[in-house]
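Enquirer: sequence isn't available, so here's the structure alone:
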Ligand SMILES: Nc1ncnc2c1ncn2[C@@H]1O[C@H](COP(=O)(O)OP(=O)(O)OP(=O)(O)O)[C@@H](O)[C@H]1O
């Protein structure tokens with residue numbers, strides 16, 4: 001049975017009259033990787049601070065492992081490992097020395113701390129850099145060490161704020177793979193905030209789309225697609241090699257709800273996957289089919305669609321919306 005480990009009930013934070021987070025209801029299950037997705041200023045960090053008990057909600061509550069975060073912040077901090085977007089280390093100390101220091105701060109007994117720190121460094125793939133000074137570390141290595149920092153206290157939940165910021169593509173791939181492995185090996189619950197749609201899509205089981213303090217939607221990619229593109233979730237594009245394209249009105253494609261022609265490509269949408277029927281139909285009619293492609297929606301399209309819907313309904317958010325897509329759409 002699914003067991004919620006993070007619960008937000010009507011979570012709200014106002015700064016004066018400004019609503020940074022507005023009436024957030026969200027539940028994350030044990031073992032999930034959940035992506036909190038939204039543009040700058042959406043309220044992701046404020047939400048994380050409330051989850052950690054570091055800022056008091058104006059209304060509502062956040063619970064982690066059943067513990068109210070603002071009333072009992074210290075027990076919550078024992079359960080949660082938090083990695084901010086910019087992790088700092090003592091540059092003159094080695095990775096091992098840095099981690100031993102963090103281990104001591106977390107109350108790990110002196111006789112165990114060195115071994116545990118070593119184990120953690122191996123766990124995050126830094127075994128060859130154990131005795132290197134962190135001042136020489138690349139951004140990717142620092143992120144791994146940051147992860148070891150939060151894992152050393154054996155948390156049940158880890159919260160990562162923009163963990164891939166500043167990593168090159170190979171570094172992003174490796175880091176996300178590490179998160180996936182940790183999640184699988186330890187059944188660790190992961191909440192990660194990001195504005196990189198493509199990256200979130202690669203690693204998260206479920207995402208929450210967050211804009212201007214509101215959670216617009218949450219679910220896995222299939223659910224979000226289903227909600228958004230209700231009218232015609234299956235789209236097939238067929239390319240024909242022909243001098244004369246068929247007349248749309250005359251096409252009698254079984255199950256097709258919408259047909260559009262663009263150059264030599266015919267796009268057909270339906271409630272179910274009718275690809276074999278479509279191909280059979282064109283071949284039977286004597287056309288040369290040169291390609292058939294199923295269109296699948298990614299987080300990019302989903303986000304854009306939710307965002308555009310939100311802009312239509314809520315004109316004051318328009319400014320932040322445009323700037324987000326201006327910057328991140330192509331990533
Ligand atoms: N202490 C504060 N006082 C007043 N306003 C604040 C405070 N902290 C955050 N805000 C505002 O609340 C809104 C949400 O900020 P928040 O940092 O949570 O967003 P975010 O989604 O994490 O974005 P980013 O990725 O830029 O950090 C922003 O408009 C921000 O300016």
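Expert: Happy to help now that I have it. Computed from a prediction, not measured in an experiment: that's the story for all the values here.
Enquirer: bridging residues for the residue most central in space within the chain?
Expert: Centroid-nearest residue in the chain, with C-alpha atoms, centre = their mean: residue 35, separated by 2.8 Å. For residue 35, the beta-bridge partners are residue 192, residue 207 (DSSP bridges).
Enquirer: need the contact list for it.
Expert: Residue 35 is in contact with 192, 193, 194, 200, 203, 204, 206, 207, 208, counting by C-beta atoms under 8 Å, 6 or more residues apart in numbering. All C-beta atoms are positioned from the backbone trio N, CA, C, and that covers glycine.
Enquirer: show me which of those residues are buried.
Expert: 192, 193, 194, 200, 203, 204, 206, 207, 208 (16 or more other C-beta atoms under 10 Å).
Enquirer: pop the domain breakdown of this protein in here.
Expert: Following automatic domain parsing, one gets these domains for the chain: 4-225, 230-295, 298-328.
Enquirer: which of the ones you listed sits most buried?
Expert: Mean neighbours per residue, mean count of other C-beta atoms under 10 Å, is largest over these for domain 4-225, with a mean of 18.
Enquirer: show me what from this protein comes close to the ligand.
Expert: 15, 20, 38, 40, 41, 42, 43, 44, 45, 46 (C-beta under 6 Å from any ligand atom).
Enquirer: sorry, back to before: now the contacts of residue 35 as JSON lines including pLDDT and distance to residue 305?
Expert: Output for the contacts of residue 35, formatted as JSON lines (pLDDT from 0 to 100; distance: C-beta to C-beta, whole Å):
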{"residue": "192", "pLDDT": "93", "distance to residue 305": "22"}
{"residue": "193", "pLDDT": "91", "distance to residue 305": "21"}
{"residue": "194", "pLDDT": "85", "distance to residue 305": "19"}
{"residue": "200", "pLDDT": "80", "distance to residue 305": "16"}
{"residue": "203", "pLDDT": "89", "distance to residue 305": "22"}
{"residue": "204", "pLDDT": "91", "distance to residue 305": "18"}
{"residue": "206", "pLDDT": "92", "distance to residue 305": "18"}
{"residue": "207", "pLDDT": "90", "distance to residue 305": "14"}
{"residue": "208", "pLDDT": "91", "distance to residue 305": "16"}
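Enquirer: the longest helix in this structure is where?
Expert: Taking DSSP state H as the criterion, the chain has its longest helix at helix 169-186.
Enquirer: coming back round to it: identify, from the buried ones among the contacts of residue 35, the entry nearest to the ligand.
Expert: residue 193 (6.6 Å; C-beta to the nearest ligand atom).
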